[in-house]
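J.: Got a sequence here, can you build the structure:
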Amino acid sequence: MKKCSVAVPVGKRLAERPPLLILLALLSILAGCAKPYTPPKEFSPLPSGAWVACAHPFSDLEVPLHFRQTVIWEAGDRVQVMQGIMMLDGQRMQVRLLGLSEIGIKLFDMTVDGDQHEVHLLAPVLGPARELLARQVALSVRRIFLTYPDMETARAFAGPDSVILADTLGHGTLVLECFPPGETARRAWSPDQRWEIDLDDYSLMNDLPLPGRIVYQDHRAGYLLTIILHEVFEP
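T.: Below you'll find the model as predicted:
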């Protein structure tokens, strides 16, 4: 990660150079052409009607949980690091998200559910594009933490080390890839909307098997989001 050679107060630094998130939000208005999903050659279709369990890691949370995480946004040679505090209520399909600068300045506070979001705070230092920023943040949070497909009607493909499930939902095709043991999803992507998520470094957090590292890439908007999960606890 690049470091500045001259220390500048954070307020002035944000005012002079718009945060990466704003640039990403502006890029999100650009759309590209999507190709139909075709599984890799090494994957063979399972018989019609065959169903394989492929659990989303955040789909079976019985109580609301707090997450403490580091968030890294990358687009080209631009990098921005933030600290995140999130409350995920899987039963209500809702996330409350607080974003902080590296020195603890509150940048945004918002609630996201399955199809809408509510802004509680957008710091002025985020600039005039902060409403676009809020929509982009809500979209990424929704895709990562609030998309729980049951994949009961999915087409199933078996490969050498994993199983792929592909299903057509309301927003296009969604694909999950699961690796044994446990059949927990390690990848999720949409070939139509051109985004993908890698779920790595699983471990027990608050007695739950959760990914310690989540990498989300939006190919249309042209950015990469890495979430490092540090702590999970009940409110």
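J.: how about the residue nearest the centre of the chain, phi and psi?
T.: With distances taken as CA atoms, centre = their mean, the residue of the chain nearest its centroid is residue 144 (3.3 Å). Taking degrees, to the nearest 10, you get phi -80, psi -50 for the backbone angles of residue 144.
J.: Isn't it up against residue 218?
T.: No: in this structure, residue 144 is not within contact of residue 218 by CB atoms under 8 Å, at 10.9 Å. Glycine gets a C-beta too; all of them are placed from N, C-alpha and C.
J.: Can you give me the distance of the residue nearest to the centre of the chain to residue 221?
T.: Separation of residue 144 from residue 221 (CB to CB, to the nearest Å) stands at 14 Å.
J.: same question, residue 113
T.: Taken as CB to CB, the span from residue 113 to residue 221 is 21 Å.
J.: any chance you could map the helices in the chain?
T.: Using DSSP state H, the helices of the chain run over 10-16, 20-27, 130-145.
J.: Quick check: buried residues in the last one?
T.: Yep, that's helix 130-145 we're talking about. Buried residues in helix 130-145, counted by 16 or more other CB atoms under 10 Å: 130, 132-134, 136-145.
J.: So which other helices or strands are in contact with it?
T.: If you count contacts as 3 or more CB pairs under 8 Å, 6 or more residues apart in numbering; DSSP states H and E, helix 130-145 packs onto helix 20-27, strand 94-100, strand 106-113, strand 117-122, strand 195-205, strand 208-218.
J.: what pLDDT, on average, does the first one get?
T.: Right, the one you point to is helix 20-27. Across helix 20-27, the average pLDDT comes to 44.
J.: so, if you compare the buried residues of helix 130-145, which one comes nearest to residue 211?
T.: When the buried residues of helix 130-145 are compared for distance to residue 211 (CB to CB), residue 144 wins out at 10.0 Å.
J.: got the contact list for the closest one?
T.: Residues near residue 144 by CB atoms under 8 Å, 6 or more residues apart in numbering: 197, 214, 216, 227.
J.: Make CSV from those and add pLDDT and neighbour count to it.
T.: As requested, the contacts of residue 144 are exported to CSV (pLDDT from 0 to 100; neighbours: other CB atoms under 10 Å):
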residue, pLDDT, neighbour count
197, 97, 22
214, 97, 22
216, 96, 20
227, 97, 22
